[in-house]
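> Got a sequence here, can you model it:
(one chain, ligands or ions: 1)
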Amino acid sequence: MKFNREKFILWGLLIGMVLGGVVGIYAGDAAASFGFLGTLFLNALKLIIVPLIVASMISGVTSLGDVRKLGKLGATAVVYYLVTTAIAVTIGIIVVNIIQPGVGGAIDSTALAPEAAEYSILDVILGMFPPNIIDAAARTDVMPLIVFSLVFGAVLTTLGKRAAPVIHLFDVVNEVILKIVGYIMLFAPFGVFGLIAGKLGDVGWDAFQVELLKTAEYSVTVLAGLALHGVIALPLLLYFLARRVPLRYLGNTAEAIVTAFSTASSSATLPVTMEAVEKNARISNKVGGFVLPLGATINMDGTALYEAVAAIFIAQLYGVDLTIGTQVVIFLTAILASVGAAGIPQAGLVTMVMVLNAAGLPTEGIGSILAVDWFLDRFRTATNVWGDVIACAVIEKRLGAEALDALPSAIAANPPE
Ligand code: ASP
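Here you go, the predicted model:
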């Protein structure tokens, strides 16, 4: 029988969760000694984050080609992506602040939570340009790394032929890192087991029940946010900016949404998305061929929304009071984390580390959302792809027929991983 990676992770997570629960409840104190498996998993996620961000940002930017020649199509796409992602994050932040799924969590904040970092808007801007980039990397301070990588990548694209080997290098490094992330995810079932058994061993069943309930509330919050974005915000944009009937458009592109849901990967869904958009929804291949490959890697509304909800949920769970400044940091890093996340299953979980780091929140909090992540991943991936297909209609309409005719037919961003 062939090894089915996706099934292994899915079943592994479920079994790890249940076994972790059983061991945690019945082995009592001894269960705490399994906690190292969870720590190992979290450390693996943390150590990959710096190379992941640098490589994926640089290879992402360079895949656009000479940034000076991006033209109207590129500019419209990037602006539209950022605006819709910002809308998604805003919805997420509002929903999580209203529902407050993590408030009243069982976690002893004095024992675990560090002080949440306090930020003013000015600090946020200054924080993007620290005096020492190596020092920033050493502290896993990701914002400056993102800014640096974006600039580095953009400048690379303007150097012509000479830059080709360097661009190639970062493409390959990116591929390697993504492979390593894949291996780390294979360890996730053991990580979940360790995190749950360890946590149960530490805090006891009663306190853990409260946390389980919180995780369920958290899942409902993410789903509510995704529903608001996918069922109301995006269709409104589609209707008003592209003059398309949302239900009909959904019918035309349903294969892509369903594939996204079942694979939990925007990139794996890409061929289906392209076909649905160009054949069924009759979007020009000039637009689809550029907007979709790019969107599959950088336009992730669902992921961005989830990152913001998860970070604020973790803050609530640990009893950390979030200032407006910190919420702004979460807003910005959630957008960037979604841009940085690859279109593969659970990539958002990895870039989650950077949102938590930037906001000064405990990365251990990931343990509380890990168990349900595979499930939420499907919904956010479907939202991501729904965002991409709607982007095609809006961008085509906004460009207008004339600009469309003027486009060369072969502009296609390099298909992502
Ligand atoms: N699985 C998502 C996608 O491929 C990314 C994520 O949020 O993990 O779109």
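> Report the separation between the closest residue to the ligand within the stretch 151-300 of the chain and Leu73.
Taking C-beta to the nearest ligand atom, the ligand has its nearest neighbour within the stretch 151-300 of the chain at Ser266, 3.5 Å off. C-beta here means a position set from N, CA and C on the backbone, and glycine is covered the same way. Relative to Leu73, Ser266 is positioned 20 Å away (criterion: C-beta to C-beta, to the nearest Å).
> Quick check: which element contains the residue nearest to Ala358 when sequence neighbours are not counted?
Nearest residue to Ala358, sequence neighbours excluded (C-beta to C-beta, 6 or more residues apart in numbering): Thr333, at 4.4 Å. Here Thr333, judged by DSSP states H and E, is contained in helix 324-340.
> repeat for Asp377
Here Asp377 is assigned to helix 366-406, by DSSP H and E.
> for Val350, same thing?
Using DSSP H and E, Val350 falls in helix 347-358.
> elements contacting that helix?
Counting contacts by 3 or more C-beta pairs under 8 Å, 6 or more residues apart in numbering; DSSP states H and E, helix 347-358 packs against helix 35-62, helix 142-156, helix 164-227, helix 301-317, helix 324-340, helix 366-406.
> can we see that at 6 Å?
helix 35-62, helix 301-317, helix 324-340 (3 or more C-beta pairs under 6 Å, 6 or more residues apart in numbering; DSSP states H and E).
> Quick one: check that helix for contact with the ligand.
Yes: interface with the ligand: helix 347-358 contributes 347-348 (C-beta under 6 Å from any ligand atom).
> Touching that helix from outside, list them.
Residues outside helix 347-358 that contact it (C-beta atoms under 6 Å, 6 or more residues apart in numbering) are 45-46, 49, 140, 142-143, 181, 303, 306-307, 310-311, 329, 333-334, 337, 340-341, 363, 373.
> which regions of the chain sit below the pLDDT cut-off?
1, 105-124, 406-417 (pLDDT under 70).
> How about the residue most central in space within it, nearest residue that isn't a chain neighbour?
Nearest to the geometric centre of the chain sits Gly348, at 3.2 Å (C-alpha atoms, centre = their mean). Leaving out its chain neighbours, the residue that sits closest to Gly348 by C-beta to C-beta, 6+ apart is Thr303, at 4.2 Å.
> got the buried residues for the helix holding Thr333?
For helix 324-340, burial by neighbour count (16 or more other C-beta atoms under 10 Å) applies to 325-340.
> check those residues against the ligand, which are close?
Applying C-beta under 6 Å from any ligand atom to those, none is adjacent to the ligand.
> Distance check, Asp29 against the ligand.
35 Å (C-beta to the nearest ligand atom, to the nearest Å).
> just use 856 as the starting number from now, easier for me
Renumbered: residue one is now 856, and that last one reads Asp884.
> Contact partners for the residue nearest to that residue when sequence neighbours are not counted?
Among residues not flanking Asp884 along the chain, Gly1056 sits closest, at 6.0 Å (C-beta to C-beta, 6+ apart). By C-beta under 6 Å, 6+ apart, Gly1056 lies in contact with 879, 884, 886-887.
> Kindly recompute the last result at 7 Å.
879, 882-887, 890 (C-beta atoms under 7 Å, 6 or more residues apart in numbering).
> The helix or strand hosting Ala930 packs against which elements?
In this assignment (DSSP H and E), Ala930 forms part of helix 926-954. Here helix 926-954 touches helix 1019-1082, helix 1140-1153, helix 1156-1172, helix 1179-1195, helix 1221-1261, going by 3 or more C-beta pairs under 7 Å, 6 or more residues apart in numbering; DSSP states H and E.
> the inter-axis angle of the first one versus helix 997-1011?
Read it as helix 1019-1082. Here the directions of helix 1019-1082 and helix 997-1011 differ by 130 degrees (axes from the mean of the first three to the mean of the last three C-alpha atoms, to 10 degrees).
> Check the last one too.
Interaxial angle, helix 1221-1261 versus helix 997-1011 (the same axes, to 10 degrees): 30 degrees.
> centre of the chain versus helix 1221-1261, how much separation?
12 Å (C-alpha atoms, centre = their mean, to the nearest Å).
> again, but for the first one
Here the centre of mass of C-alpha atoms in helix 1019-1082, compared against the chain's by C-alpha atoms, centre = their mean, lies 12 Å away.
> what angle do it and helix 1156-1172 make?
70 degrees.
> got a list of contacts for the very next helix or strand once past helix 1019-1082?
Downstream of helix 1019-1082, the next assigned helix or strand under DSSP H and E is helix 1089-1097. Helix 1089-1097 is contacted by residues 939, 1099, 1101, 1104, 1241-1242, 1245, 1248-1249, 1252-1253 when judged by C-beta under 7 Å, 6+ apart.
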